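A.B. asks: Just need the structure, nothing else, for what follows:
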Amino acid sequence: MGEWIELSNGCMCCAVKTEFVQAIEGLLLKKEKFDYILIETTGLANPGPVAAALWTDEELEAGVQLDGMVVVVDAINIDRQLNDPRPEGVANEAQVQVAYADVVLLNKVTRCAVCLSLLSLGLP
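C.D. replies: The predicted model follows:
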């Protein structure tokens with residue numbers, strides 16, 4: 001099992017961004033080598049600032065490469081979240097997450113009636 005580094009609660013656009021970059025820099029300074037760094041955000045968060053932090057910090061650019069984004073989607077609530085009306089110019093966080101995703105992992109499919117219907121048809 002690898003090492004866990006937990007950042008204090010906050011958005012990536014504020015103080016936590018600095019803490020995030022410092023945590024990654026600390027990992028790069030360690031003598032032990034690692035294959036991957038898994039960065040997990042909670043809830044409906046815009047993954048853009050996380051990715052941007054990896055690209056805009058000069059010290060990190062050489063040592064870290066973004067391999068992909070996996071987004072966990074709540075199968076029960078995703079339809080409502082994707083179609084939740086927003087005021088003009090306000091981003092829908094669920095849509096942004098799915099747009100950034102290389103892989104979408106459906107969560108709670110066994111409690112979702114529509115998902116169970118699709119699974120019974122043999123659809124992936």
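A.B. asks: just checking, what packs against whichever strand or helix holds Leu28?
C.D. replies: Using DSSP states H and E, Leu28 sits in helix 15-29. In terms of contacts (3 or more CB pairs under 8 Å, 6 or more residues apart in numbering; DSSP states H and E), helix 15-29 is packed against helix 48-56, helix 58-61. For every residue, glycine as well, the C-beta is placed using N, CA and C.
A.B. asks: lowest-confidence helix or strand of the chain?
C.D. replies: Sorting the helices and strands of the chain by mean pLDDT, DSSP states H and E puts helix 58-61 at the bottom, at a mean of 64.
A.B. asks: Next SSE downstream of that one?
C.D. replies: strand 70-74.
A.B. asks: which helices and strands sit right next to that next one?
C.D. replies: Using 3+ CB pairs under 8 Å, 6+ apart, strand 70-74 is in contact with helix 93-100, strand 103-107.
A.B. asks: Highest mean neighbour count out of the ones you listed?
C.D. replies: helix 93-100 (a mean of 17; mean count of other CB atoms under 10 Å).
A.B. asks: orientation of that helix relative to strand 103-107 in degrees?
C.D. replies: Using axes from the mean of the first three to the mean of the last three CA atoms, to 10 degrees, the direction of helix 93-100 lies 140 degrees away from that of strand 103-107.
A.B. asks: which stretches of the protein aren't confidently modelled?
C.D. replies: 1-17, 42, 56-62, 118-124 (pLDDT under 70).
A.B. asks: try 80
C.D. replies: Residue ranges of the chain with pLDDT under 80: 1-24, 28, 31-34, 36-66, 113-124.
A.B. asks: okay, the helices and strands packed on strand 70-74 in JSON lines with distance to Phe34 next?
C.D. replies: Output for the helices and strands packed on strand 70-74, formatted as JSON lines (distance: least, CB to CB, whole Å):
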{"stretch": "helix 93-100", "distance to Phe34": "23"}
{"stretch": "strand 103-107", "distance to Phe34": "21"}
